[in-house]
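Undergrad: here are the coordinates; sequence isn't available:
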């Protein structure tokens, strides 16, 4: 029996991870954590704890280490965009307890968190839309967004000069990126713990709510897959990553974002036949496995209620 720790229990990535683990053949006890005592993932887990917010890093790590010792945690999953960078920064503290952290090292995470650093780090600029941190270098129409952001927050489309002042007043430390008009894709990418990229599963984002795919279609586009596998290798990403791409006027895929964790809709890849959390467990156990070929399916999502007794 493996004891698996799931951070960010109130978020879609954590809930998707819990669902995937319940579908897995691996025998595991799921312990989830979150600052919010009403996090939905708590009530899908075997046990849960409330913890400090990520902004209080010292208190968070102290709480996490205590939980890891109490629950004899074997694996810490990358399911929180807030917590995972802090866990990576304190990797040695967890590894001294014999805990496997199947995700990227902190310097890699920092590059991917900052969209400008990410753009500067990719050698082949042809796979990305033109991006700059100087508004004088870009022409309309363009996207304005913060260098470090989450969930499509404070992202503005500027089509006219009148749009620019409104956006500038709302985005701190922005970058400016050419507006792409083609279809948008999220790609779940899995690498081994030495940085070898293993598989990329693209899905078309048919409908998006609060930055998360609510309707998606698994589409095995070979060009998109190769771009993402190459990016994961170049950045030395370990474990899961979730990449965002959009096609340009010529139908060429362009990379716009990389998250070094499980995504909010990675469970769609599980439903298509590749269970990322299960494979992360196998990577931690150093077991050999063959990545199955995913099915091309369409998935729609809906709200589900949980009654919590007072």
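TA: Sure, I can see it. In this text the structure is predicted, and so the values were computed from the model without any measurement. Residues are numbered from 1 along each chain as shown.
Undergrad: give the contact list for residue 23.
TA: 270, 275, 278 (Cβ atoms under 8 Å, 6 or more residues apart in numbering). The way it works is simple: take the backbone N, C-alpha and C, and place the C-beta from them, glycine included.
Undergrad: ok, and the closest non-adjacent residue to the first one?
TA: Think residue 270. residue 20 (4.3 Å; Cβ to Cβ, 6 or more residues apart in numbering).
Undergrad: burial of that neighbour, as a residue count?
TA: Applying other Cβ atoms under 10 Å, we find 23 residues neighbouring residue 20.
Undergrad: Now for it: which residues touch it?
TA: Taking Cβ under 8 Å, 6+ apart as the test, what residue 20 contacts is 266-267, 270, 275-278.
Undergrad: again, only this time at 6 Å
TA: Neighbour list for residue 20: 267, 270, 275, 277 [criterion: Cβ atoms under 6 Å, 6 or more residues apart in numbering].
Undergrad: My reading is that it lies in a strand. Confirm?
TA: No: counting by DSSP: H, G, I helix; E, B strand; the rest coil, residue 20 falls outside a strand, being helix.
Undergrad: Can you check the pLDDT for it?
TA: Among the per-residue scores, residue 20 holds a pLDDT of 98.
Undergrad: can you tell me how far it sits from residue 81?
TA: The gap separating residue 20 from residue 81 is 18 Å, by Cβ to Cβ, to the nearest Å.
Undergrad: Check residue 187 too.
TA: Residue 187 is 17 Å from residue 81, by Cβ to Cβ.
Undergrad: Which one of those two is surrounded by more residues?
TA: residue 187 (27 against 22).
Undergrad: So what sits opposite that one in the bridge?
TA: residue 202, residue 243 (DSSP bridges).
Undergrad: That one against residue 226, yeah?
TA: No: Residue 187 lies out of contact with residue 226 (Cβ atoms under 6 Å); the separation is 10.8 Å.
Undergrad: Quick one: the strands in the stretch 201-310 of the chain, in order.
TA: 212-218, 239-247, 253-259, 298-300 (DSSP state E, counting those that start in this stretch).
Undergrad: mind putting the ones you listed in CSV, distance to residue 11 included?
TA: Below are the strands of the stretch 201-310 of the chain laid out as CSV (distance: least, Cβ to Cβ, whole Å):
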stretch, distance to residue 11
strand 212-218, 9
strand 239-247, 13
strand 253-259, 12
strand 298-300, 18
